[in-house]
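J.: what follows is a predicted protein model with its sequence.
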Amino acid sequence: GAVVSQHPSWVICKSGTSVKIECRSLDFQATTMFWYRQFPKQSLMLMATSNEGSKATYEQGVEKDKFLINHASLTLSTLTVTSAHPEDSSFYICSATPGLHEQYFGPGTRLTVT
Amino acid sequence: QKEVEQNSGPLSVPEGAIASLNCTYSDRGSQSFFWYRQYSGKSPELIMFIYSNGDKEDGRFTAQLNKASQYVSLLIRDSQPSDSATYLCAASGAGSYQLTFGKGTKLSVIP
C-alpha cells in the first residue's frame, strides 16, 4: 500500500516552454500533497504544500506564479513549471500523506531545460 | 528555525556489521520522526517512523528516540551492500504534516 506515482519520470523541454508534472496517490486518498525539488548532491527542498480544493502554500523564495500547483482531487496534484529556464533543471519529487504523519514519495521527475 | 542535523558521512561499515546513523533536532515541539532511504538518482523511501521515546524495531532496522536529548538514531543490523544509500532523518511537529529534513548521511557497506 501507500503508492504514489509521478508522470512523466523525465522530461526535456526548451527554454521558455511550460511543463506539467502529475502526482497521483494510487491506493489512498491524500489529504495533503507536497512538492519538493532536489539538486544534485543536495537535500530535499520543500517547494509547496497543497491541500485538495484549496490554494497551495509556497515556501519562502518559491515563485508561485512560476510553479503553479493544482490539487484537483484527493488523488491528484499537478505542478506546472511555467516559462522554464535552464536553472529550473532539477529533480522534482512529490509526496502524499493519507492523513497520518508519514509521507510517501513518488519516484520523481527529472526535468532538463535546454 | 527548525533544524535537523545529520553527519553527512560517508559512513563506511563492513558487510554484516551494525551501521549506526544519528540525527539531532532543534525544535522541542517535534513529535514524529522518520527515516528515509534514498538511492542515488531515486526518490526517498520510508523505512521507519517513531513517535515515542525508546526503541522501535522492524526487521534489521531499529529506530531510537530520546526526546530529552533531542536525538534520533537508526541502527541497521547485518548491513548489506544493498543498504548503501543516503539516509534522511526528518521531523514533524504537532498538528503539521510538513517534514523538516536533515541533509542526509551517506552509508557505504563494504563487501
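T.: Yep, that arrived.
J.: chain A contacts on chain B?
T.: B:31-32, B:34, B:36, B:41-46, B:49, B:51, B:88, B:92, B:97-99, B:101-104 (CB under 8 Å from any CB of the partner chain). Glycine gets a C-beta too; all of them are placed from N, C-alpha and C.
J.: cutoff 6 Å now
T.: Residues of chain B lying near chain A by CB under 6 Å from any CB of the partner chain: B:32, B:43, B:44, B:46, B:49, B:92, B:97, B:101, B:103, B:104.
J.: make a ChimeraX selection of the buried ones in these.
T.: Restricted to buried positions by 16 or more other CB atoms under 10 Å in any protein chain shown, the ChimeraX selection for the residues of chain B next to chain A reads:
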select /B:32,43,44,46,49,92,97,101,103,104
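J.: spell out which residues of chain A are next to chain B.
T.: A:32, A:43, A:44, A:93, A:97, A:101, A:102, A:105, A:107, A:108.
J.: bridging residues for the fourth one?
T.: On the basis of DSSP bridges, residue A:93 takes part in beta bridges with residue A:36.
J.: ok, now which ones touch it?
T.: A:36, A:105, A:108, B:43 (CB atoms under 6 Å, 6 or more residues apart in numbering or on different chains).
J.: switch to 7 Å and redo it
T.: A:36, A:38, A:44, A:105, A:106, A:108, B:43 (CB atoms under 7 Å, 6 or more residues apart in numbering or on different chains).
J.: residue contacts, residue 102?
T.: No chain specified, so I'll use chain A. Residue A:102 touches B:34, B:46, B:49, counting by CB under 7 Å, 6+ apart.
J.: you looked at the wrong chain, it should be chain B
T.: B:4, B:5, B:6, B:23, B:88, B:89.
J.: recalculate using a threshold of 10 Å.
T.: The neighbours of residue B:102, taking CB atoms under 10 Å, 6 or more residues apart in numbering or on different chains as the test, are A:43-44, B:3-8, B:21-25, B:36, B:72, B:87-91.
J.: distance of it from residue B:38?
T.: Counting by CB to CB, to the nearest Å, the separation of residue B:102 from residue B:38 is 12 Å.
J.: quick one: common contacting residues for those two?
T.: A:43, A:44, B:87, B:88.
J.: got CSV for those, with distance to residue B:59 and secondary structure too?
T.: Below are the shared contacts of residue B:102 and residue B:38 laid out as CSV (distance: CB to CB, whole Å; DSSP: H, G, I helix; E, B strand; the rest coil):
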residue, distance to residue B:59, secondary structure
A:43, 26, coil
A:44, 25, coil
B:87, 15, strand
B:88, 19, strand
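J.: farthest pair within those residues?
T.: Taking CB to CB, the two most distant members of the shared contacts of residue B:102 and residue B:38 are A:44 and B:87; they sit 12.9 Å apart.
J.: neighbouring strands - and their directions - for the lowest-mean-pLDDT helix or strand in chain B?
T.: Across the helices and strands of chain B, the lowest-confidence element by mean pLDDT, DSSP states H and E is strand B:100-101, at a mean of 90. Strands that pair with strand B:100-101, judged by DSSP bridges, come out as strand B:85-93 (antiparallel).
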